[in-house]
Each structure stands twice: as structure tokens, then as C-alpha cells.
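Visitor: using only what follows, build the 3D model:
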Amino acid sequence: MKPHNEIVFETDIVRDLVSSPKTLFSSPYLEGTPENFDAELGLYPEDLIAYIKTTQPEEYEKLTKKQDSGKADSHLLREVSRYLDVNGCIHSLRRGVEFVGSKFRIVQFQPDNLSNQKAKDQYDANILRVVRQVRYSPYHQEMLTKTSHGSGILDLVIFLNGIPVATLELKTDFTQSVQHAIHQYKKDRLPLNPVTRKLEPLLSFNKRCIVHFAVSTEEVYMTTKLEGENTHFLPFNRGNGEGAGNAPNPNGYASSYLWEEVLEKETFLRILGRFIHLQNKDAEGRKLKPEQHSIIFPRYHQLDAVKKLITAATSEGPGHRYLIQHSAGSGKSNSIAWLAHQLASLTIQEGPKQGERLFRNIIVITDRTVLDSQLQDTIFQFDHQTGVVNRITREEGIGSKSQQLTEALIGNSPIIIVTIQTFPYILEAIQRNTSLKNHTFAVIADEAHSSQTGKTASKLKEVLQAELKDEDELSAEDILRLSVESRKTAKNISYFAFTATPKPATLEIFGRLKFPDQPKSKENTPVAFHVYTMQQAIEEGYILNVLKNFTTYDVAYKIANQSRDTKVDVQKARSKINTWVHLHPYNIAQKIKIIIEHYRSNVRHMLDGTAKAMVVTGSRKEAVRYKIELDKYLKEKNYSDIRALVAFSGDVIDEEYASLAHKANIKDPFTERNMNPDLKEDIRAAFDGDTFQILLVANKFLTGFDQAKLCAMYVDKTLSGVDCVQAFSRLNRVFPGKDKITFILDFVNKEEDVVEAFSPFYKATSLSDNSDPNTIFTIKNLLIDAQIFTFDQVEEFAKEYFSQEENIRTKNKSEITQKKLNSIIQNPKLLFKARYTNAVNEIRNSNEILERAMQSNDRPIIQDAEKHLNSMREIKADLDKFKSGVNKFIDLYEFMTNIIDYDSEELEKLYVFLKFLKELLKFEDLDEGISLAGLVLSHYRIHNMKPLNPKLESKTIDPNSTIVSGGIDKRKEYFSEIIDSINELFDSEVSEDDAVKRLNSFGLSLEPEILKNEEVVNQMKAGNSKEQIMLGDYPKALTHAIMNTLSTNNDLSSRLLSNNDLMNKFARSILDVFIENLKQSRNL
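Guide: Residues are numbered from 1 along each chain as shown. Predicted coordinates:
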């Protein structure tokens, strides 16, 4: 024997198991001898007899009286062996064994209530034994002469009260690897004996051993079902850094956590009692054939997360928050099921409430339709109880609101499953019902939901008092966060939030400081309680790397303008032109051709012809047009083997395309139903079948949509941050035959933007800093300085508001009224409306005067009109800033009060006042008549770049970035100038996206050089007009700064210096940015 041999590794493992310290719930293993194992029975007889005699003496005594002298033990062993063969190991461990005249428990799992001394004594009596070099087959002698299938000896077998429950095949990385152990299981450890064609008790599925570990000194893999070459082993590693594998162990083997943590008595018995379960139904809840059954054994990160969460919840009690950042492919459904069951089992261990449940109800928020039946089946296997889980459906929950929800919360079901739509009403019921205020709750939130859109989102936002997003979209994470924010901190509710892509606000509300005992700082920001990274999931093969075959397309175009020229808002005009191009029939038709031909050539044949594709469009209107153009193209090409579905919420009016769709009335809306006339079932179910191959979407199905056969995505929508990651991740599900190949063809987003989006979530997500709580005072002062309201009005309003709240609480109906609240808030509303309406009207009038003066070239009137127009625009911009500030104050206050206590009555009163004022400031914004009627798409080019495989690195995200944002660019230019500037981008090989980004970035890089010039800065500060500054020292300073960059930006610099017209436009464009940045720096 040499030090690096496998036998030494085996000896170290056994030594550690039998010498582990004794604790309240754990004790060392016993070491057994292989000779004492009965291969025919598949048992270690002495331990089974000893456990039953110790824990159930009366039942054992009854057995001995029924048997002949000395035959009781052998009868017991034969019956237990038979029962295991027929009913399986899991069933026998959980429910005991039963035969004529006798019933025995063969294990006692850890009791929920430690005051139950009898159960605790029986738990302590459990015998865990490790045996080396076990000759497992009862057919060993026949195998010696007739087969070459190995020695028939297992390195290690773990027994629980004489029942074999786990095997280990060991390899040392000095000589072999974990893959050799896996190969040995597949080749030599066959459940069906190749000679006798009989089942091997230790190796057959669920007859004895529940799990089989392939172990090297560095890695661990496991399986619960040996099937020869078809055996599927899963990684059971802790992770190395934030990737796959195991980190080096300075005190021993990298894989030592297996026997030091996982096989440790308390943990291993918890796994057997509260984790493993028999999977005997498919995803739709249909029963599987016995040969299709599988055993779910927790992966390491699942076990670790649930253990740590239960430990923390037990020690901390209700009223805390836990963020679990687990990647797609982490098995969140099982993790949630295990956590819910174990939280429901927690009891108070001491004090007057000893023995009562720590959490009265466990509320699981999920849209996974199978989770309720999965939970019910799993818990039934654990506890043999029904009625533990109660699901409240979407219709029932929202339809009956608090009444049915309150009944469910007061009822006897410990676990309640609700949809994300129902959850805000659950919180409302808890808050308003006095009988529930003393109850404790654990809320488990599952991120895997579809975004809420249309009327459903509007109703939820009403309950949550939240602002609408574009196209009424509301994500599950938004709903959870807003629910918590709107109800403030509740000491009787603990939150367990599962997400793969935590937003900054989610991290700050649900995360915990890296160093809890130290104050917040840039180095001490909130992080997730537990992490299983995207990197580890990809490296372990649980999900695919969707960026591995990411291809961008460049679109170039020119526009001709045949309409009357006027000055317009630059940002609005660019946005409208961009939308016009995106919706242009020719643009869509060209992209449809690329999509369909790529799908037919590269995707259609995958997965035996069942591969699916998703087309992501920029809006619901685009989705409608894409569907019409796609159907038209398929018909023209006679591609009858491809059919598409389109998914969007609500109605879409598109008069231009209504005639193409043969609508009798062009005002008739397009709907999901009338655009999918052949759809006979739910879109998810229909798309899963063989009839439809392509799904067109705008916002729907970009989150929470699991379709493993999805192999390609065609993107014509700007995506960033979490939205990009969640959308692209629709492709990452593993499926037989998918072969780790997916396709993303992107017409809009660039490689660097996608990398920027994915990087924060590839590893553990962290913040660059904490949110600054003092920002609220900056916003407050800005609002007061606007002189729209007075603090006397705020005080008076708040006093009346809280008085009415008290009337409602005490049900003093005769005193409930809105009269005074309405009266107080009318003055600020009317003052704002008068100023805003006047500014809008003056801007319209000035525009008309300016247009007439320009036609007659009346310079004095032009100057006066421009001066007045700029003055009115500034007034309107200030009013817009006030409206924005009201929203920012409300959002930031609701967010920050979940993190810190401002301890300020003044802020609370202002918050209440502004919440109501906000609803009264919704006026239609000024439309300065940006007409697109005269636009012509004169030039168009689209070409693909090479497939990319971008490298991801960890990156922090800025705190609370969605709540406080910068100002809005309100520059005005002639419409023709804006079109010219867009067309200018395509005069050479530079693409639209690259040119815009490079020019803007280039301009900003010149700012430090420009602002060093005191003469230029003074001219900007002096209140000079843009035209006056252009006549001063600025152009010369800019030219000098550009010349200094010739060595680093030769193409852009040379282009600007050689084209006076382009140089003039660039100077004017970037001047606005310089002036605005100078103003901002002065304000600071």
C-alpha cells in the first residue's frame, strides 16, 4: 500500500465517519464488517434487530410469541426484506414495514417538538454504520466464473438500522478521477445481474440503496437510479469560487464535505426524512409507469440553502428577509417545496408557546401550476397527511378578495399557494383583519412568473399604488417588491425570495450586508443570503450558455423627407422616426425573410424536427405586423411545414395593416384571439405541440416561460439589464438532442450591451454602493422651491387624512368623508394646472408666430419669438421636473423606509400629501406636431456579422438605479437637421448603432479639454444663446481638442475635420451636453 492509493482515501473517510463528535442530534458512525452483511436479504441483520428491540420492545415481544423458539429474528428479517422488495425503501423508511400480525418502524426521524422525549430517545437509537469492501451480490459465486463485470465489491456502503441506503465508489485523483468511478458504476454495477438475470437488491431502483455516490478526492457525483450505460450522474459539488467543481480544502480533501457534512448523522437523516421523494407523476400530474419513476435527491446547493434558511428562521424568528439567488436550472421548484414543508414543521421550542408552529401559515407565491400537486404529493410522502396544501386560484383569489383569502389564512392548511396576482390581496387581508395580526407568516416568492400586462397589471398597480410602465408591464419581482414597500415592514412576516436576476431594489430590500456587524459602506453592500450562480449552472450542464452562438445584424438606412420643415424636440423626433422605421413594412419584410430562411436551414431539423423559435418584437403593434408579414411570406414560399402564433395583451389598432388583414372596418382592433384563428387551446400548450413552430411576442412570455424545445430566438427589441437576461434565458433549458447549441440573431442589441446585461448575474450579484438615504431631502427641497404647495397645506391634509384613517379603522361610518381632503388639495392642483396650461398654450402660439416670421424672414420677430419660446419651454421643463420629482419622492420614500427609519413626521406627512397630489397632475403632454407623413425610406441595407461567443466577467450594478434618474434632453432642432444627422451616419461603413454611440462617446471624451478653457466656460456661463457661443471661442477650442485625438480616434477626428457642415452639426449637438453638464456641476 502506498500513500496515494485508493485504500488510504477509503480509510480516511471511514476514520472521519466513526470519529465524528457526538452532538444533540448526531453521533459517530459504527464501522461494520463485510462478513456481517447478508447479501441475499440485502440487510445488515444485527443492526435491524437491535434497533427494533430497543425502540419497539412490546411489538418485538409479540412477534417472538408467535414464532417457534429462536426463529423470530430470521422471520423478521425475511419479512422486512420482502417488504422492501415489494414496497420500496422510501415507503418503508417513511411508513414502516407491515406483515401478518406485526408492524415495525425501521427508523425514527428527528421530531419537530423536542419536548417529545420518547421520539427523541428513538431518534437517538438510530444506528448508522459504514462497511468497507462489501460483496453486494447474492449471486457472487456464479459471477466469478461466468462474467467479467468487475469484482462485485462496493468500496463503501452506508446502512441505517441495517437497511443499506447509500453506496460510494472511490477514486483518488493521484491515479484516476471521478469519471472512472462513474464508468465503474455504469459498466460493472448493474442492477440486473448479467448471469442470473435477477435483480441485485443493493443496486436495484428503490429496493435498498437510495443514492449512489461516485467520489474522488476532488469531486462528487451522484445518481439515484443505476441503469447501466444509461445511468445519469449529477454533479454533487459545492462549487469552486462561483463555478463548477470544489475549491481546494486546506485541511484535507476537496470532497470531504460529503462525509463531514452530508453523511453526518443529523443531516443524512434529515435528507432521508425530509428531502428525498419518489417522482411518480409527470409535469402535468399524470401517473408514470413504474419503470419511469425516479427519486429526487437534493443537489448540494439545494440542501445547503434549505438547511441554512431553516437554521436562520429558527434562530431569528418571524419578521426577517432572505434573498436566494439561484440560477435557472437550479431546481427552484424542489427547493421551494422542501423549504415550505420544513418551515411548516418548525415549532417554538421554549417559552409559553412551546410546541406551537413558528409560522402559522406558509404562503407560496408561484405561477408554476404543478407546484401545488407536487407539494401535496411530496408532503404526503413525508407525513402521510392530506389537506396540508391549499391552492387559491387566480380567479378565486382576486374575485372574492379578502373574504376567501381570510378564510384560507384562518383555516387549517399550513401551506397556501397563491399566484403573484393574488399576493397583494393576501397582504391586505393580513393587514386589515384583526384576527390575523397576531399570526405569523412565511412568504416564499418564486420569480418564475410571466410578466403581468394589460388590465391585470392595472388592477395590481391600483392595489399597490404603483406607477405604470410601458405597455402596462409588471414583473413578478416588481409586484413582490412593491407589495412589501406598500405595506411597510411587518414583524410577523418573513420573506424568502428566490430569483436568478435580482434587481438593485430587490437586493437592497431583501439582501443582507456582507458584514452584518459593520455599518453600510461602498465595501459593505447587501448581498443574497444564498447563491447558486449562472456560471456554475452552465458549467455543470444544467442550463445552456445562450450567448455561445449569438449573432448580431447591422441595419443601415436613409430617409427622405418631403414634409414642411419645423423645429421639434430632438429626443421625441428621433424616437418617432426610429419607431416609424421599425414598423415600416419593408424593414419587417426583410427581417422576416432572414428569420424564416435561417430557421429552415439551421433550426427546423433539430430535435427530430420539433425545434421551436421565438421572435421578439419591439411593441405589440410590431408583433401584429410581424405576424401578418410572416404569414404572407410563408404563403408566398409555400412553406406549409411552418406555422406561427403571436402573443400579446389587449387590443391593437393599426389602420394601415387592417386592410391587409381583410378587416371590414379599419378601426377594428387586432387581438391575440383573432390573430390566432386556429388556436384551440392555451398558447403554451399549443406551442408545445407539433402544429406551431414559431412564437411572436412583444412583452408576453419573455419571463417565466419554460419551453425546453426552444432553440432559436430572433430579437428586434432593445433589451437591457435584467430584461435582456430574462428574455435570452428562455433558450437555456436543457433538452435531449439540443446538444448545447442555440441561436440568437439580434437586429438591435450589440455584443457589448448584452455582455453588460449578463455580467452582473453570471456570478453572485452585488451592488457598487448603497443607496444614499439623503437623496430624499434633495428631492423634497426641489419640490418646495417650485412653490406649488405650502407646508401648511401638507400639515392640514395629513391631519385630516389620518383622522379619516382612524374613522375607517374604528368603523365610525358617520364621520367618514373626503370633503376636506378634496378641498385642501385643490389649490395646489389648480395652481399647477394653470401654470402648465399657460406654458403649453404660449409654446403653441410662439411656434405659430415663429413659423410665419421665418416664412417672411422677419428677423426681429424671429428673435422675439425664439426668446419667448425658450422662456416658456424652461417654465414647462420646470413643471415637468416638479411632476417627476413628486413621483421620485414617493418611490424613493417607499423604498428607503424598508431599509432605514427616517423617524420624521414631516417626511411621512409629505409622502401622504404627494401620493394624492400625484393623481391630480396627470395632464396630456404637449405634442409639438412631429409629423412623419412625408418620410420615405429611400435606402436600406441589412447584413449579419459573424457568430460571437462573448466572455462574461463579474460586474457590480448600481444601487436603486430604477428609482432616481437624470433629467431629459429637451433640445430643439429642425426636423430636416435630425433626419440629415441620422442619414449622415450611413454615408460610410459606420452602422447606426455604432455611429451614434461612438459620436456621443467621442464628444463626451472631449469635455474635460473644452472645460479647461476659461474663456469658453465664461461664455457658456454668461447666459449667451447657442448662436452667440458658436460665434465665440468654443468652435476653435473644439477643433483644437479634436486635433489632439487624431492618434486615438483618427477615423472620427479626420471625418469631422474634413467636413465643415458635419463639424458644425457635431459642435452644436455636443454643445447642449456641455452646457447641461456645466449647469449640473454648478448646482452641486
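
Visitor: how about the residue lying closest to A528 once chain neighbours are set aside, what does it touch?
Guide: In space, and not counting its chain neighbours, A528 is closest to Q325: 3.9 Å by C-beta to C-beta, 6 or more residues apart in numbering. Heads up, the C-betas are built off the backbone N, CA and C, glycines and all. Q325 makes contact with T499, A500, P502, A528, H530, V531, Y532, T533, A764, T765, according to C-beta atoms under 8 Å, 6 or more residues apart in numbering.

Visitor: now, which of those residues sits nearest L234?
Guide: Ranked by distance to L234 (C-beta to C-beta), those are led by Y532 at 13.6 Å.

Visitor: isn't L346 up against I310?
Guide: Yes - contact criterion C-beta atoms under 8 Å: L346 and I310 qualify, at 7.1 Å.

Visitor: hmm, back to that, just put the contacts of Q325 in a markdown table and tack on secondary structure.
Guide: As requested, these are arranged in a markdown table below (DSSP: H, G, I helix; E, B strand; the rest coil):
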| residue | secondary structure |
| --- | --- |
| T499 | strand |
| A500 | coil |
| P502 | coil |
| A528 | coil |
| H530 | strand |
| V531 | strand |
| Y532 | strand |
| T533 | coil |
| A764 | coil |
| T765 | coil |
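
Visitor: make JSON lines from those residues and add distance to V262, pLDDT and neighbour count to it.
Guide: Formatted as JSON lines, those follow (distance: C-beta to C-beta, whole Å; pLDDT from 0 to 100; neighbours: other C-beta atoms under 10 Å):
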{"residue": "T499", "distance to V262": "26", "pLDDT": "89", "neighbour count": "26"}
{"residue": "A500", "distance to V262": "25", "pLDDT": "89", "neighbour count": "25"}
{"residue": "P502", "distance to V262": "28", "pLDDT": "88", "neighbour count": "30"}
{"residue": "A528", "distance to V262": "22", "pLDDT": "92", "neighbour count": "23"}
{"residue": "H530", "distance to V262": "16", "pLDDT": "94", "neighbour count": "22"}
{"residue": "V531", "distance to V262": "19", "pLDDT": "94", "neighbour count": "20"}
{"residue": "Y532", "distance to V262": "16", "pLDDT": "94", "neighbour count": "29"}
{"residue": "T533", "distance to V262": "21", "pLDDT": "92", "neighbour count": "25"}
{"residue": "A764", "distance to V262": "23", "pLDDT": "81", "neighbour count": "19"}
{"residue": "T765", "distance to V262": "27", "pLDDT": "78", "neighbour count": "29"}
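
Visitor: let me have those residues in TSV, extended by distance to K1036.
Guide: Formatted as TSV, the contacts of Q325 follow (distance: C-beta to C-beta, whole Å):
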residue	distance to K1036
T499	54
A500	53
P502	50
A528	54
H530	60
V531	55
Y532	58
T533	53
A764	51
T765	47
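
Visitor: out of these, flag the one nearest to N841.
Guide: Distances from N841 to the contacts of Q325, taken as C-beta to C-beta, are shortest for P502 (46.4 Å).

Visitor: quickly list the domain ranges of this protein.
Guide: Annotated domains of the chain cover 6-238+251-276, 317-517, 560-758, 775-898, 988-1083 [automatic domain parsing].

Visitor: mind checking which of those domains is nearest R286?
Guide: Minimum separation from R286 across those (C-beta to C-beta) falls at domain 317-517, 10.4 Å.

Visitor: hang on, the earlier thing: surely the residue nearest to A528 forms part of a strand?
Guide: Yes - with three-state DSSP as the criterion, Q325 is part of a strand.

Visitor: returning to that earlier point: out of the contacts of Q325, which one sits closest to F789?
Guide: Distance to F789 across these (C-beta to C-beta) is lowest for P502, with 36.7 Å.

Visitor: how about the contacts made by that closest one?
Guide: Going by C-beta under 8 Å, 6+ apart, P502 touches L323, Q325, E477, F510, G511, A528, F761, T765.

Visitor: and E508, by the same measure?
Guide: E508 sits next to P526, L767, N770, S771, F895, I899, P959, N960 when contact means C-beta under 8 Å, 6+ apart.

Visitor: how many other residues sit next to I942?
Guide: Applying other C-beta atoms under 10 Å, we find 15 residues neighbouring I942.

Visitor: skip the chain neighbours and tell me the closest residue to it.
Guide: Nearest residue to I942, sequence neighbours excluded (C-beta to C-beta, 6+ apart): V555, at 4.8 Å.

Visitor: check Q302 too.
Guide: Take Q302 and drop its neighbours on the chain: the residue closest to it by C-beta to C-beta, 6+ apart is S335, 4.9 Å away.

Visitor: residue ranges of the helices in the stretch 351-500 of the chain, please?
Guide: Counting by DSSP state H, counting those that start in this stretch, the stretch 351-500 of the chain has these helices, from start to end: 371-383, 394-400, 402-410, 423-432, 454-464, 476-487.

Visitor: what of the stretch 1-150 of the chain?
Guide: Assigned by DSSP H, counting those that start in this stretch, the helices in the stretch 1-150 of the chain fall at 6-18, 45-55, 57-66, 72-87, 89-95, 117-124, 140-146.

Visitor: in the fourth one, what's buried?
Guide: Neighbour counts using 16 or more other C-beta atoms under 10 Å place A72, D73, H75, L76, L77, E79, V80, S81, Y83, L84, D85 of helix 72-87 among the buried residues.

Visitor: was I right about the second one contacting E46?
Guide: Just to be clear, that refers to D73. No - in this structure D73 lies outside contact range of E46 using C-beta under 8 Å: 9.5 Å.

Visitor: which secondary structure state does the residue nearest to Q302 sit in?
Guide: Assignment for S335 (three-state DSSP): helix.

Visitor: residue contacts, it?
Guide: Applying C-beta under 8 Å, 6+ apart, we find S335 in contact with Q302, A305, V306, I324, H326, F498.

Visitor: at 10 Å instead, please
Guide: 298-299, 301-303, 305-306, 309, 324, 326, 444, 446, 496, 498, 530, 532 (C-beta atoms under 10 Å, 6 or more residues apart in numbering).
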